[in-house]
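> Could you look at this predicted model? Sequence included:
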Amino acid sequence: MATPNHLLKDWDGFTPGSLLFSFDDAQKREYAFSNSHEYSVADWRVNKPIFNAEHCIHCQFCWIYCPDTSIISVDKKFSHIDLAHCKGCGICVEVCPTNPKSLLMFAEHTNEADALASWPAKEKKQEEEK
Amino acid sequence: MEIHEREVWDGNMAASQAMRQARCDVVAAYPITPSTPIVQNYSQYVADGDVYGGDFIPVESEHAAMSACVGASAAGGRVATATSSQGFALMVEVLYQASGMRLPIILNVVNRALASPLNIHGDHSDMYLGIQAGWINVCAFNPQEAYDLNLCAFKIGEAESVRLPVMVHQDGFLTSHTVEVVNPLTDDAAYSFVGDYTNMRPMLDFTKPVTYGAQTEEEWHFEHKANQNAALMHSFGVIQKTFDEYEKLTGRKYKFVETYKSEDAEEIVVAIGSVTGTLKLTVDKLRNEGKKVGLVAIRVLRPCPREEIAMAIKNAKAISVMDRSAPMGTTGLLYNDIAGILLDNGVNIPVLNYIYGLGGRDTTIAHLTKVFTDAEECKKAGKRVKPLIQMVNLRGKELSFF
Amino acid sequence: MSGMKEIKNLKEFSTSVEKFEGGHRLCPGCSHSIITRQIMNATDYNLVVGYSTGCIEVCTSIYPFTSWNTSSIHIGFENSATALSGAEVMYKVLQKKGKLPCDNGKDTKFIAFGGDGATYDIGLQWISGAMERGHELLYVCLDNEGYMNTGGQRSSSTPPGGATTTSPAGKISYGEKMKKKDIMGVMAASGAEYVAQVSPAQWKDLVRKTQKALSIKGPSFINAVSPCPTEWKFEAHNAMHINELAIDSCVFPLYEIEHGQKLTVNYRPKNKIPVRDYMAAQGRFKHLFKPEFEHVIEEFQKEVDARWEYLLRREEAGV
């Protein structure tokens, strides 16, 4: 897990005790450089989720079940995916209750417009064996 | 609580009173012989409301004691505890974590032998076990010193340029349970000397949330340990300043290295702990017989005051170094420090190592006389003519190495 | 002082100010962070968090990055509860002395996290001590049934038949032989005012229990099932499905015990599914489907049923 070069400090160039601060200003929520929010794990992904606003009911399942705080909600509505932190686990897609789903996984290089254009139609109800 | 100008205290009482007068915010401790009275005394102070609003956590093990101290110190306040031997060994892991996190915790180590076999009496095996944990180590040889050094320890550890935990050592039973006259300060005078606790990066400051105890990978770890070591190595200034201030206040002068008649001594014995009292009597006796002998006692063990030690010993013609812990496979820890210092100063004289006092074994003037006369024989021969490592007061035929 | 917020529904919950940031190094699909987010976002109190060596620590505080938006401390493997014991007492002392650094006008709560390795095994004494001493402290066990951070070694939480690297399935062994330790019982008996078992699949239950724990003037213990995609061997995107199987099969029942005595079962699955289905969904039990080891599945079903029965009867008896 190598530190980006520009963040490497000399032996006398950091807060003693290997302490890490979360914010430069906690009140204003200005992230310190040492908040993992500033570290991208996007390169962990092979596939990424793409969002289709047409079907979303803003139930917030994706928000609560995302392990990487990568579904951003604003004013009780789905806002966007934080692609710097999404690892492409696909949980958001699994838990999405709409039909068709409002989130689907696509290959990393997929263009959003293409993805939306190829969105599957509503699935007919099937007899499921439990 | 009423404190008199002259009190009759043992080392444990002296230490616990100093902890009380420093107005610790939290003391988390676990009882173990022979440091138990410190914990008991402190519990009584809390029960009587004599700790200025501080509190005591009766934890379930010594490891938990130091863990709770670390958590309390990181939260942001003055913290101290006490232990010995097995308990010290149990908390060794946390000693490294405490110093790595730069938390100025004070630990009274009432030195006792390490099992096996089990022994509750005084020796330095616990002191030697934790010597590399990155703490400042100071050594008290009697109850007065246990009191004084505790107050100094708070001030030293909490200094902004230091910010390291400090151990105050005293011999189990020999100092901790030996009652002597102590001249303490009043509560107000003692607290005024130590001063208010200065918070640095406390967890309870929610305007600046902080994570303690991160993990450093190979591109960081060395820099962090170097940073910590630098702080320890550079703490001499603060230690000296604190000793100077304490001398102004009390008239009692503490030095990195305490010497007794060593300036013109040809044979010098180097030691730590209560044996230094008996060594002084031995020096006096031998001086009366016309021998030029002296004692060098180490007050500050870490950071190692190499310059001061060199000054004290470099003119000797032969040196005996006494270690109160079985070195198990080589020469003793103090011997190793001394030998390195001599070599670095170009001093090539015979140096002998004596292992003594294990498990509270008595060391008398007669035994110590031999420690001096062995050195004298080496001086006369111009080289080491005695075994390198000898045992003092061991029952049975002579056991020595090299 | 304020800090406990009312969360009526998920939309309301989604307005939480995030206390746990992305950019951590937990595996994709790890339930540790799902649970941690739910717990920390359930409250607006100031939080001091402690955590033990393991996935939750290693992945959230690799220097120079921290994922915790609040003050936190990691000392070692055993002692997150003890670190917070010290912090909690310091907080109370400073409060009395009027010397708190800065609390934004809110109360401060203390939450310790540890894996099952830290909780069931190496840290058992430390947590038991913290519970016994009555600190106002919530301890959350993130239970993935093994030492997963170091590659999946067994713990006393590993269920029978579970394959780990130190209880591997082999030619003559079916993996873990011992039963899962009853950590809830241990904690309840150690003096925890409130103990509860939760699953991230039931966020409302988890949030209610978290809020309840934080309102208690004493120690609480929450055990959270945390399926591990890497070592339980299932695909990351199925994490919530596995969570649901765990509670619907009653392998991981949701219940709470108040004051060490009163037991309440919180979730009765509409259709209790066979443990076989729960185990079939995970690679770590794959070997149990060989004829010579299938008896382990049957024995485990009996055990789960007996335990479920015990919980229901104890709830009924009100003891």
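Right, received. Where do you want to start?

> Tell me how many other residues surround B:A98.
For B:A98, the count of nearby residues is 27 (other Cβ atoms under 10 Å in any protein chain shown). Just so you know, the C-beta spots here come from the backbone N, C-alpha and C atoms, and that holds for glycine as well.

> wait, B:K380
Other residues within reach of B:K380, judged by other Cβ under 10 Å, total 12.

> where do the helices sit along the stretch 201-319 of chain C?
C:203-215, C:239-248, C:275-280, C:294-317 (DSSP state H, counting those that start in this stretch).

> Make a markdown table from the ones you listed and add mean neighbour count and mean pLDDT to it.
Shown next, in a markdown table, are these (neighbours: other Cβ atoms under 10 Å in any protein chain shown; pLDDT from 0 to 100):
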| stretch | mean neighbour count | mean pLDDT |
| --- | --- | --- |
| helix C:203-215 | 21 | 97 |
| helix C:239-248 | 22 | 98 |
| helix C:275-280 | 19 | 97 |
| helix C:294-317 | 15 | 97 |
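
> Next up, phi/psi of C:Y174, please.
Main-chain torsions, C:Y174, degrees, to the nearest 10: phi -100, psi 20.

> got a list of what it touches?
Contact partners of C:Y174, counting by Cβ atoms under 8 Å, 6 or more residues apart in numbering or on different chains, are C:G161, C:H287, C:L288, C:F293, C:V296.

> Widest-spaced pair of those residues?
Taking Cβ to Cβ as the measure, the contacts of C:Y174 span a maximum distance of 9.2 Å, between C:H287 and C:V296.

> Chain B contacts on chain A?
Chain A has residues A:1-3, A:8-12, A:14-23, A:26-27 near chain B, with proximity defined as Cβ under 8 Å from any Cβ of the partner chain.

> my read: C:G260 touches C:G185, true?
No. The pair C:G260 / C:G185 is not scored as a contact, 9.6 Å apart, by Cβ atoms under 8 Å.

> and these two? which has more neighbours close in?
C:G260 (17 against 12).

> Chain neighbours aside, what residue packs nearest to the more buried one?
C:A188 (4.6 Å; Cβ to Cβ, 6 or more residues apart in numbering or on different chains).

> Would you report the backbone torsion angles of the one you found?
phi -60, psi -40.

> Kindly report the same for C:A169.
The phi/psi pair for C:A169 (degrees, to the nearest 10) reads phi -80, psi 140.

> Report the beta-bridge partners for it.
Beta-bridge partners recorded for C:A169 (DSSP bridges): C:Y174.

> Could you look up the SS state of the closest residue to B:F56 other than its chain neighbours?
Distances taken as Cβ to Cβ, 6+ apart place B:V46 nearest to B:F56, at 4.6 Å, with adjacent residues excluded. The three-state assignment at B:V46 reads helix, by DSSP: H, G, I helix; E, B strand; the rest coil.

> Model confidence score at B:V46, please.
Per-residue confidence for B:V46 comes out at a pLDDT of 97.

> That one reaches B:G53, doesn't it?
No. Here B:V46 lies out of contact with B:G53, judged by Cβ under 8 Å, at a distance of 10.2 Å.

> which of the two has more neighbours?
B:V46 (16 against 13).

> gap between the spatially most central residue of chain A and chain B?
Residue closest to the average C-alpha location in chain A (Cα atoms, centre = their mean): A:S70, at 2.4 Å. To chain B, A:S70 is 21 Å away according to Cβ to the nearest Cβ, to the nearest Å.

> Thank you kindly, that will do.
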